[in-house]
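Novice: Only the shape, not the letters, is given here:
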């Protein structure tokens, strides 16, 4: 994921925000804010035949405390027109590979329970459900649950 991908990456993020079941965020941040929140070594884009961004994946640190250096939170977003073609699976596989090579032992995320496609994708990639956080936050004035998922690396730790 490079600065030249910024506009398309943020457009895909905007689509996820607008659909309502991808994130608690309600506005797309400026590229500088988005970029600063994600670790440089673990961010990917999937490009179509014309060089268009079909999807992206990235991780951010969950804590600055040294004990949590091997734990990251990840995101995977796919353009609505590119869904169902294996883009998310490929992005997630690349992300898992890079994090394991870097010694990261846990990749986690919180997913809205209504996002069944994401939950199924992650289950196929070896993620397990840790639990449901009930009414964890409001989204457009409505309390929402999230499912906490994680993948513990069999190679690290």
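Specialist: Alright, I've got the coordinates. None of the values given here were measured: they were computed from a predicted structure.

Novice: Give me the phi and psi for residue 147.
Specialist: Backbone torsions for residue 147, taken as degrees, to the nearest 10, come to phi -100, psi 120.

Novice: what are the ranges of the helices in this structure?
Specialist: Counting by DSSP state H, residue ranges of the helices within the chain are 6-19, 31-36, 87-101, 116-124.

Novice: which other helices and strands contact the second one?
Specialist: Using 3 or more C-beta pairs under 8 Å, 6 or more residues apart in numbering; DSSP states H and E as the contact definition, the elements that helix 31-36 packs against are helix 6-19. In short, each C-beta sits where N, CA and C put it, glycine included.

Novice: packing partners for the helix it packs on?
Specialist: helix 31-36, strand 53-61, strand 71-78.

Novice: Turn those into JSON lines, including distance to residue 125 and mean neighbour count.
Specialist: Putting the helices and strands packed on helix 6-19 into JSON lines (distance: least, C-beta to C-beta, whole Å; neighbours: other C-beta atoms under 10 Å) gives the following:
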{"stretch": "helix 31-36", "distance to residue 125": "24", "mean neighbour count": "13"}
{"stretch": "strand 53-61", "distance to residue 125": "11", "mean neighbour count": "22"}
{"stretch": "strand 71-78", "distance to residue 125": "10", "mean neighbour count": "22"}
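
Novice: Let's have these in TSV, adding mean pLDDT and distance to residue 88.
Specialist: Formatted as TSV, the helices and strands packed on helix 6-19 follow (pLDDT from 0 to 100; distance: least, C-beta to C-beta, whole Å):
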stretch	mean pLDDT	distance to residue 88
helix 31-36	94	19
strand 53-61	97	6
strand 71-78	97	5
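
Novice: can you put these in CSV and add distance to residue 131?
Specialist: Listed next are these as CSV, based on distance: least, C-beta to C-beta, whole Å:
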stretch, distance to residue 131
helix 31-36, 28
strand 53-61, 21
strand 71-78, 16
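
Novice: Which of these sits closest to residue 97?
Specialist: Among those, the nearest to residue 97 by C-beta to C-beta is strand 53-61 (11.2 Å).

Novice: picking up where we left off before, mean neighbour count, the helices of the chain: which tops it?
Specialist: helix 87-101 (a mean of 18; mean count of other C-beta atoms under 10 Å).

Novice: what is the mean pLDDT for it?
Specialist: Here helix 87-101 scores 96 as its mean pLDDT.

Novice: Give me the contacts around it.
Specialist: 41-42, 44, 46, 54-59, 72, 74, 76, 78, 107, 118, 121-122, 124-126, 151, 153, 155-156 (C-beta atoms under 8 Å, 6 or more residues apart in numbering).

Novice: Fine by me, thanks again.
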